[in-house]
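Chemist: Here is the input, now give the coordinates:
(2 chains)
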2 protein chains.
Amino acid sequence: MKKSFGAKTLVVPTPVWVVGTFDREGRPNAMTAAWGGICCSQPPCIAVSLRKATFTYGNIVARKAFTISVPSETHAREADYIGMVSGKDVDKFAVAGLTPVRSSLVDAPYIEEFPLVVECRLLQTVEIGLHTQFVGEILDVKAEDSVCDEKGYVDIEKVRPILFEPEINTYHGVGKLLGRAFSVGKDIRAGRPR
Amino acid sequence: MKKSFGAKTLVVPTPVWVVGTFDREGRPNAMTAAWGGICCSQPPCIAVSLRKATFTYGNIVARKAFTISVPSETHAREADYIGMVSGKDVDKFAVAGLTPVRSSLVDAPYIEEFPLVVECRLLQTVEIGLHTQFVGEILDVKAEDSVCDEKGYVDIEKVRPILFEPEINTYHGVGKLLGRAFSVGKDIRAGRPR
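Modeler: Modelled structure (predicted):
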């Protein structure tokens, strides 16, 4: 029997991603966002939703570009800090000891220390309500060798991204391998439900 | 040193969610989607992106409603199956042994056996490319008592949602608690980086 929790943003999993932008003076900024996801395969696009009040909002509007840097679980403190303060007030890279890297493809910086980054040019801006959704076309994905498997593919167990639980506000890591997609359900398709 | 992977939908984590709809004859359908995320806090909204070729696409356009049912890791087989076949061809609920429940709030069904569900009315339709993004206003969230903690809050460690890795196509579970959001970064804010 299910009980009702009302109209709220309660769902799992949500990601912990850090959005990188330049401000009008060219200074790098970063903010943490959990309201986002991939939104198109062709062109490859990722969406992230921000409040207009954020410093990053104005940066994306002005520069028409952003990056997503994916923190590993060892960066939970930095990602949390980046979500707590505004780039209007402080240089978060300097305070957190992180290194901004200028993308060669888009007018935005990413975070050197985070293992996986996505570089986006702004494709669409969707006004929804309190949040504005920015749809970015992915121009490149970059990853550290150290988070790739022996075949050279990005390995989620090495990236170790962070999950955000939006009701009680906790961070969790990635757990065990459950199986292969487009495979573990084949038994059911073949008429063999559990 | 990061290496380039090109323009592709490679990021982690992405969710494994099952979108519930009714077709024009009122038959329940379900499809698995990983391209989605929360996209606004007020009104509370969730986005999911689908190809026009899917049966669910037409259902959402016609009914202007959908649900998101969050499978637990014990439902990885069912969620994978639901992502492999089309509701044009088969009654996935019957084949997978799952029970559709008609929402009392929106014109769509959710999955009884999955522990967390989100009921949405269609708010916006965003054409991006191969995928169309449906923005749903969340009218209610429902969860099983069994996935709530002692205070009555939804507990991600009990929901045990599934993560999808879109490059090598694997499913993973949720791992250990890393810390509290808006808390673990306070040391950095106070001038104490690691």
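Chemist: tell me which residues of the biggest helix by length in chain A are tucked away?
Modeler: The longest helix of chain A (DSSP state H) is helix A:55-63. Residues of helix A:55-63 classed as buried: A:55-60, A:63 (neighbour count, 16 or more other C-beta atoms under 10 Å in any protein chain shown). (C-beta placed from N, C-alpha, C; glycine too.)
Chemist: Grab the two from those residues that are most spread out in space.
Modeler: Spatially, the most separated pair among those is A:55 and A:63, at 12.2 Å (C-beta to C-beta).
Chemist: how far does the helix-or-strand element of chain A with minimal mean pLDDT sit from the chain's center?
Modeler: Using mean pLDDT, DSSP states H and E, the weakest-scoring helix or strand in chain A turns out to be helix A:186-189, at a mean of 92. Computed by C-alpha atoms, centre = their mean, to the nearest Å, the chain-centroid distance of helix A:186-189 equals 33 Å.
Chemist: That one near chain B anywhere?
Modeler: Yes. Residues of helix A:186-189 are located near chain B by C-beta under 8 Å from any C-beta of the partner chain, namely A:186-189.
Chemist: Who wins on neighbours among those residues?
Modeler: Taking other C-beta atoms under 10 Å in any protein chain shown as the neighbour criterion, residue A:188 ranks highest of these with 22 neighbours.
Chemist: Just the closest of the buried residues of helix A:55-63 to chain B, please.
Modeler: Nearest to chain B among the buried residues of helix A:55-63: residue A:57, at 13.5 Å, using C-beta to the nearest C-beta.
Chemist: Surely the closest one touches residue A:51?
Modeler: Yes. In this structure residue A:57 lies within contact range of residue A:51 using C-beta atoms under 8 Å: 6.7 Å.
Chemist: And the longest helix of chain A, what does it pack against?
Modeler: strand A:17-22, strand A:28-33, strand A:45-51, strand A:65-70 (3 or more C-beta pairs under 8 Å, 6 or more residues apart in numbering or on different chains; DSSP states H and E).
Chemist: repeat that for 7 Å
Modeler: Using 3 or more C-beta pairs under 7 Å, 6 or more residues apart in numbering or on different chains; DSSP states H and E as the contact test, the elements touching helix A:55-63 are strand A:17-22, strand A:28-33, strand A:45-51.
Chemist: mind checking which of those is nearest chain B?
Modeler: strand A:45-51 (4.6 Å).
Chemist: For chain A, give the strand that spans the most residues.
Modeler: If you go by DSSP state E, chain A has its longest strand at strand A:131-144.
Chemist: counting contacts, what elements does it pack onto?
Modeler: By 3+ C-beta pairs under 7 Å, 6+ apart, strand A:131-144 packs against strand A:45-51, strand A:116-127, strand B:2-6, strand B:36-40.
Chemist: ok, and what's touching the first one?
Modeler: Outside strand A:45-51, the residues within contact range by C-beta atoms under 7 Å, 6 or more residues apart in numbering or on different chains are A:17, A:19, A:33, A:35-39, A:56-57, A:68, A:118, A:120, A:123, A:128, A:130-138, B:11, B:37, B:39-40, B:47, B:128-129.
Chemist: In it, which residues are buried?
Modeler: Neighbour-count burial for strand A:45-51 [16+ other C-beta under 10 Å]: A:45-50.
Chemist: same question, the third one
Modeler: Under the neighbour-count criterion of 16+ other C-beta under 10 Å, strand B:2-6 has B:2, B:5 buried.
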